[in-house]
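Asker: 3D, please:
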Amino acid sequence: MPKCFHTIYHTPPEFDDLVLTGNDTTLFSLTFANSDGYKIHNQDISEENDLPIFKETAHWLDIYFSGHQPDFTPNFHIQNATPFRQEVSEIMLTIPYGKVLTYGEIAKIIAKKHGLKKMSAQAVGGAVGWNPICIIIPCHRVLGVNNSLTGYTGGIHNKQSLLNLENLRVENAQKISFY
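Answerer: Numbers count the residues shown, from 1 in each chain. Reported below is the predicted structural model:
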């Protein structure tokens, strides 16, 4: 793994702060501080640094936390992703701002793509939960059965606050359909 630096992004009060890790040009992780996601993806970080990629990501987050979908994406790289995790991440990237999918719907998309009768929603849940770049790869837009608010490695209160920011209430979340 290349040398990795980090910085802290101070979020609005209803969220935990975010930890960004990366090198000069690439974001490797974006996780809520002290969350399970932070513990999973930030074991090898080095000293704090104010790199260009962190400034670009902070600008993206400023726009996002002001209630808008940014029109650019910082350069990121998902390290150590299995092909399945990569595929789930690519599907999450297609979920528009203010919309949601369920774990089961993502499983159906993958099953259809691979000509399978069925795919495990639990396996999808594991891949969603492993996501090292929260918010930009919008794992918070993935819900449980009947649009239920389920676990989130960034902390369930952060997931709820992200959905609220996008004007989504779990009981009336707008679903999208890819199949």
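
Asker: so for the helix or strand encompassing residue 128, mean pLDDT?
Answerer: Per DSSP states H and E, residue 128 falls inside helix 121-130. Helix 121-130 shows a mean pLDDT of 94.

Asker: next one: stretch 149-169
Answerer: Model confidence over stretch 149-169, given as mean pLDDT, is 88.

Asker: related to what we said a few turns ago, check what contacts the helix or strand following the helix holding residue 128 and list those residues.
Answerer: Of the helices and strands lying after helix 121-130 in sequence (DSSP H and E), the nearest is strand 142-143. Residues outside strand 142-143 that contact it (C-beta atoms under 8 Å, 6 or more residues apart in numbering) are 92, 95, 100, 101, 102, 103, 106, 128, 149, 150, 170, 173. Where C-beta positions appear, they are placed from N, C-alpha and C, glycine not excepted.

Asker: in this protein, what helix or strand scores lowest on average pLDDT?
Answerer: In the chain, the helix or strand scored least confidently by mean pLDDT, DSSP states H and E is helix 36-41, which has a mean of 53.

Asker: follow-up on the earlier one: please flag which of the contacts of strand 142-143 sit within strands.
Answerer: 101, 102 (DSSP state E).

Asker: can you pick the most crowded of the contacts of strand 142-143?
Answerer: residue 128 (27 neighbours; other C-beta atoms under 10 Å).

Asker: and the angle for the helix or strand encompassing residue 87 with helix 121-130?
Answerer: Assigned by DSSP H and E, residue 87 belongs to helix 83-92. For helix 83-92 against helix 121-130, the angle by axes from the mean of the first three to the mean of the last three C-alpha atoms, to 10 degrees is 80 degrees.

Asker: need the longest helix for the protein.
Answerer: helix 52-65 (DSSP state H).

Asker: so what does that one touch, helix or strand wise?
Answerer: Applying 3 or more C-beta pairs under 8 Å, 6 or more residues apart in numbering; DSSP states H and E, we find helix 52-65 packed against strand 5-9, strand 18-22, strand 27-32.

Asker: thanks again, I'm all set now.
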